[in-house]
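Peer 1: This is a predicted model, with the sequence first.
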There are 2 protein chains.
Amino acid sequence: MDDPGTSLPTDAVVRRTADRLHSAAIHLLRRLRREDDASGLTGPRLSALSVVVFGGPRTIGALASAEQVRPPTMTRLVAALEAGGLVTREPDPTDARATLVRATPAGVRLLEEGRGRRADRLARQLATLPQAELATLDKAAEILDRLSRISQDGRQSG
Amino acid sequence: MDDPGTSLPTDAVVRRTADRLHSAAIHLLRRLRREDDASGLTGPRLSALSVVVFGGPRTIGALASAEQVRPPTMTRLVAALEAGGLVTREPDPTDARATLVRATPAGVRLLEEGRGRRADRLARQLATLPQAELATLDKAAEILDRLSRISQDGRQSG
DNA sequence: ATCCTTTAATTAGCTATGCTACACAAGTGT
DNA sequence: ACACTTGTGTAGCATAGCTAATTAAAGGAT
């Protein structure tokens, strides 16, 4: 059917993959959302928390940038995490405007104790896959992450 | 601990992949959301529309099931699509309780004209990848989709 | 035929995530 | 000192997801 020829894929192949990937991502997250929110941690909160837990304390702005959301969104996510006792906010000693977000022991513990229930549920499902397929998913995640960082920098005019 | 022995991967590997995948999915969709919403179609709406465009008319319930959301959520999504002139709602001739959702020519056209801007943007990024990586992503999407359907049926007690 | 239960869809109301616009405090440069 | 920029926060909007409760119709039992 298609003939990729050299190393760059054709437009049709690319678009089909994009469509599949888009759909797969939507369904994956929807499923996880429904699976378990009993931990009290939603996806975005968990994701933000993991940044400060594994990357150390940082400002709201840095966090927003890392998570690719606007500052007001991150302000709210951090507020929720703080209300849950998972992070603290403290003034940045080098810049009085900025707020440093730091994970509390409880926050660290929550992530260490299973890296969040959502990923845990997913893990349980992934465990049923043969090793080769799991490896494929792992590679895919890495590729997407790399792509994410590239497009993040390449952004300019609207 | 556990010893799956044969082809099943270890717990640690599975969990790491789950975490990466979770994160990758969140970031992928966030990025796409920011890239382009000028089409007026959000992810869930686009996803629902594509079901009726490519799968033919079906009821709200069937649509909700296909998209793995609750009926009220699908009612709202369909209402938005209808307001945009992309689908119509008509009584199901075989069941007066049910509503058949059918894509309008405009809805079909929108999807055919690039399968939505979101996937299109993604496609543009994917086009920069070598063929092997694209193939990996394609395989991953297929695996996730399959997993999605399995867990949909296999759901039971918490 | 009537009553009861189940099913399909909707409405109402909640939480959460994302955004922009605006306000304000604190750095920065002239 | 003054203006400009930057980091957060507040207010308000739209969307998406949910559950609970309502309404209408289908289906089964008597």
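Peer 2: In hand now; what should we look at? Numbering: from 1, shown residues only, chains lettered A, B, ... in the order given.
Peer 1: quick one: the strands in chain A?
Peer 2: Using DSSP state E, the strands of chain A run over A:58-59, A:87-92, A:95-103.
Peer 1: Please name the strands paired to the longest one in the sheet, noting orientation.
Peer 2: Yep, that's strand A:95-103 we're talking about. Take DSSP bridges as the rule and strand A:95-103 pairs in its sheet with strand A:58-59 (antiparallel), strand A:87-92 (antiparallel).
Peer 1: gap between the residue most central in space within chain A and residue B:26?
Peer 2: Central residue of chain A (Cα atoms, centre = their mean): residue A:47, 4.7 Å from the mean position. Distance from residue A:47 to residue B:26, counting by Cβ to Cβ, to the nearest Å: 5 Å. Bear in mind the C-beta positions are built from the backbone N, C-alpha and C, glycine included.
Peer 1: Equivalent analysis for residue A:123, please.
Peer 2: 16 Å.
Peer 1: unless I'm mixing things up, residue A:67 is touching residue A:61, no?
Peer 2: No. The pair residue A:67 / residue A:61 is not scored as a contact, 10.9 Å apart, by Cβ atoms under 8 Å.
Peer 1: who's more crowded, these two?
Peer 2: Counted by other Cβ atoms under 10 Å in any protein chain shown, residue A:67 and residue A:61 do not tie: residue A:67 has more neighbours, with 20 against 14.
Peer 1: Nearest residue to residue A:17 in space, please, no chain neighbours.
Peer 2: residue B:138 (4.4 Å; Cβ to Cβ, 6 or more residues apart in numbering or on different chains).
Peer 1: Kindly apply the preceding question to residue A:92 instead.
Peer 2: residue A:98 (3.8 Å).
Peer 1: need the contact list for that neighbour.
Peer 2: Going by Cβ atoms under 8 Å, 6 or more residues apart in numbering or on different chains, residue A:98 touches A:59, A:60, A:61, A:91, A:92.
Peer 1: of these, buried ones?
Peer 2: Burial by neighbour count, judged by 16 or more other Cβ atoms under 10 Å in any protein chain shown, picks out A:59, A:60, A:92 from those.
Peer 1: Nearest to residue A:78 among the residues you listed?
Peer 2: Taking Cβ to Cβ as the measure, residue A:78 lies nearest residue A:60 of the buried ones among the contacts of residue A:98, at 6.2 Å.
Peer 1: For that closest one, give me its contacts.
Peer 2: A:71, A:74, A:75, A:78, A:98, A:99, A:101.
Peer 1: ok, the first one touching residue A:64?
Peer 2: Yes. Distance between residue A:71 and residue A:64: 4.8 Å, which falls inside the contact criterion (Cβ under 8 Å).
Peer 1: No more questions from me, cheers.
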